[in-house]
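Asks: Here is my input; please provide its structure:
(chains A and B)
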Number of protein chains: 2
Amino acid sequence: MSGRGRPPDPDLEARVHAAALELYGEVGWAGFSFDVLARRARVGKAALYNRWGSKEKLIVDALTAGLQQDPFDTQSGSLRTQLIRMAAGTLNGYLTTRGLVYLRAQVEARVYPELFGQALERFQRERIKVGRAIVLNAIARGELPPGTSPALVLDAVAGMLTNHFLSTPINQMPALIARKDKYVEETVDFVLSRVDYRAPEQDA
Amino acid sequence: MSGRGRPPDPDLEARVHAAALELYGEVGWAGFSFDVLARRARVGKAALYNRWGSKEKLIVDALTAGLQQDPFDTQSGSLRTQLIRMAAGTLNGYLTTRGLVYLRAQVEARVYPELFGQALERFQRERIKVGRAIVLNAIARGELPPGTSPALVLDAVAGMLTNHFLSTPINQMPALIARKDKYVEETVDFVLSRVDYRAPEQDA
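Replies: Just a heads-up that it's a prediction; the model follows:
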């Protein structure tokens, strides 16, 4: 309670993070400037410099905060139920700012590895950890043959969705959105029918 | 042979296209400027304005010229041979400027559909056409059951590769490159073993 100067701005960090991810998703690293960001986040440029020092530090901070694996219950439900939940999350994610940010950062990590590599790698490791747990738990419950490769199942599901999303022409996007739940189910069922999936009785 | 003014520059278009794709791959649309491009392509800015009028026209022109489906022999070889050839082309492509440009344009088409939609859509249609021909010829030769979905086979192969490439942390890229031929074969064999592929006798 100093009573001096401007009142503290408790939302500053969250507001700047959100604006930073939105801006980055739209324009990428080349268009990412404190000028534009300050305007969008309704803060002074000085506040950005004071808090983050550089736009490099800010984007890494915003990505680290923004790209967090959502909590995922890897215990309840059959493998099919869990994969559909995970895949729907992935496809829905692509339709949001976060998904755009993730795709952009994956592409730009090839150009600026020191900048995007670290924040991305942590997120990718978390995703892989959840995915592995889903598949390994299913093997333990007898829904998949022992020795089934988690990477193969996960690459197949996530890859088909990513490819489908990226290769759909923009003008066909409404059609994709209209039948996305069905597409997610078909993709999961295609992969599962190819890895000797045995549904538990309540699911069969 | 007017003898007046500067000599014509027969390589101008090719040089500008190559520099434009390289620049776009690195920085995306937000960083794409005539200033930087003129420097890189070793031409005057005036030449760029004279020939293309705007950077929008230039990037569409460069993408249209650069993203062309390579000729692909859809007739000779088994389905497995053809898919391995196609998949290796896709994965190798991701390691080049063209692949980076393609990924970037796919992401930026979500943000600037009017700019990237058209050039991309033509390329995507060409790719899909070649992929469909590969699968439909294989059905006609009896290597796949009638009614096998080309989209499913192609999404599975291309999707697994794209996902594998995008989700590999940068520091593990050398390992990916070292075993990429093996990964391509494994991916194709995984998909084929799941769609009741019957290899022709000389391939079995």
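Asks: now the longest helix anywhere in chain A: mean pLDDT?
Replies: Assignment by DSSP state H gives helix A:113-140 as the longest helix of chain A. For helix A:113-140, the per-residue pLDDT values average out at 89.
Asks: what helices or strands is it leaning on?
Replies: Here helix A:113-140 touches helix A:55-66, helix A:79-94, helix A:97-108, helix A:150-167, helix B:150-167, going by 3 or more C-beta pairs under 8 Å, 6 or more residues apart in numbering or on different chains; DSSP states H and E. From N, CA and C alone the C-beta is placed, and that goes for glycine too.
Asks: what about the helix or strand of chain A with the lowest mean pLDDT, near chain B?
Replies: The weakest-scoring helix or strand in chain A, judged by mean pLDDT, DSSP states H and E, is helix A:150-167 (a mean of 85). Yes - judged by C-beta under 8 Å from any C-beta of the partner chain, helix A:150-167 comes into contact with chain B at A:152, A:155-156, A:158-164, A:166-167.
Asks: ok, now stretch A:183-201?
Replies: Yes - counting by C-beta under 8 Å from any C-beta, chain B has neighbours in stretch A:183-201: A:190, A:193-194.
Asks: Can you spell out the domain ranges of chain A, please?
Replies: Domain ranges of chain A: A:12-66, A:79-203, per automatic domain parsing.
Asks: Check the separation of the first and last residues in the first one.
Replies: Taking C-alpha to C-alpha, to the nearest Å, domain A:12-66 runs 15 Å from one end to the other.
Asks: Mean confidence (pLDDT) on that domain, please.
Replies: 94.
Asks: ok now it, how far from the chain's centre?
Replies: Between the centre of domain A:12-66 and the centre of its chain there are 19 Å (C-alpha atoms, centre = their mean, to the nearest Å).
Asks: sorry, back to before: buried stuff in the least confident helix or strand of chain A?
Replies: In terms of neighbour count (16 or more other C-beta atoms under 10 Å in any protein chain shown), helix A:150-167 has its buried residues at A:150, A:152-167.
Asks: what angle do it and helix A:97-108 make?
Replies: Angle, helix A:150-167 to helix A:97-108, by axes from the mean of the first three to the mean of the last three C-alpha atoms, to 10 degrees: 100 degrees.
Asks: downstream neighbour of helix A:150-167 in the secondary structure list?
Replies: Per DSSP states H and E, helix A:150-167 leads on to helix A:173-178 as the next helix or strand towards the C-terminus.
Asks: after that next one comes which helix or strand?
Replies: Scanning forward in sequence from helix A:173-178 by DSSP H and E, the next helix or strand is helix A:180-193.
Asks: do you know which of the domains of chain A lies nearest B:Gly117?
Replies: Among the domains of chain A, the nearest to B:Gly117 by C-beta to C-beta is domain A:79-203 (4.6 Å).
Asks: how near is A:Ser78 to chain B?
Replies: A:Ser78 is 20 Å from chain B, where distance means C-beta to the nearest C-beta, to the nearest Å.
Asks: Let me fix that, I meant to ask about A:Leu91.
Replies: Computed as C-beta to the nearest C-beta, the A:Leu91 to chain B distance reads 12 Å.
Asks: my read: that residue touches A:Met160, true?
Replies: No - applying C-beta atoms under 8 Å, one finds A:Leu91 not in contact with A:Met160, separated by 10.2 Å.
Asks: circling back to that earlier point, to B:Leu48, which of the domains of chain A lies closest?
Replies: Across these, closest to B:Leu48 is domain A:12-66 (C-beta to C-beta), at 18.5 Å.
Asks: For stretch A:97-110, give me every contacting residue.
Replies: A:21-22, A:24-26, A:28-29, A:63, A:66-67, A:92-94, A:115-117, A:119-120, A:123, A:166, B:28, B:100, B:103-104, B:107, B:110-111, B:166-167, B:170 (C-beta atoms under 8 Å, 6 or more residues apart in numbering or on different chains).
Asks: Apply 6 Å and report the result again.
Replies: Where contact means C-beta atoms under 6 Å, 6 or more residues apart in numbering or on different chains, the residues beyond stretch A:97-110 that reach it are A:21-22, A:24-25, A:28-29, A:93, A:116-117, A:120, B:103-104, B:107, B:166, B:170.
Asks: still on that earlier bit, okay if I get the domains of chain A as TSV plus distance to B:Ala199?
Replies: Supplementary listing: these in TSV, determined by distance: least, C-beta to C-beta, whole Å:
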stretch	distance to B:Ala199
domain A:12-66	44
domain A:79-203	18
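Asks: I figured A:Arg194 hits B:Arg194, correct?
Replies: Yes - here A:Arg194 lies in contact with B:Arg194, judged by C-beta atoms under 6 Å, at a distance of 3.4 Å.
Asks: Between helix A:113-140 and the helix or strand where A:Tyr24 lies, find me the angle.
Replies: Using DSSP H and E, A:Tyr24 sits within helix A:12-27. Counting by the same axes, to 10 degrees, helix A:12-27 points 90 degrees away from the direction of helix A:113-140.
Asks: Pull the most distant pair out of the contacts of stretch A:97-110.
Replies: Across the contacts of stretch A:97-110, no pair lies farther apart than A:Glu22 and B:Ile170, at 24.9 Å, counting by C-beta to C-beta.
Asks: Compare these two (neighbour count), which wins?
Replies: A:Glu22 (19 against 16; other C-beta atoms under 10 Å in any protein chain shown).
Asks: could you give the angle of the longest helix of chain A to helix A:180-193?
Replies: Helix A:113-140 and helix A:180-193 are oriented at 60 degrees to each other (the same axes, to 10 degrees).
Asks: Buried residues, helix A:113-140. List them.
Replies: Neighbour-count burial for helix A:113-140, counted by 16+ other C-beta under 10 Å, picks out A:113, A:115-124, A:127, A:130-131, A:134-135, A:138.
Asks: do stretch A:195-203 as well
Replies: Buried residues in stretch A:195-203, counted by 16+ other C-beta under 10 Å: A:195, A:197-198.
Asks: from those residues, which single one is nearest chain B?
Replies: Using C-beta to the nearest C-beta, A:Val195 comes nearest to chain B of the buried residues of stretch A:195-203, at 8.1 Å.
Asks: where does the closest one land in three-state SS?
Replies: On the three-state scheme (DSSP: H, G, I helix; E, B strand; the rest coil), A:Val195 is labelled coil.
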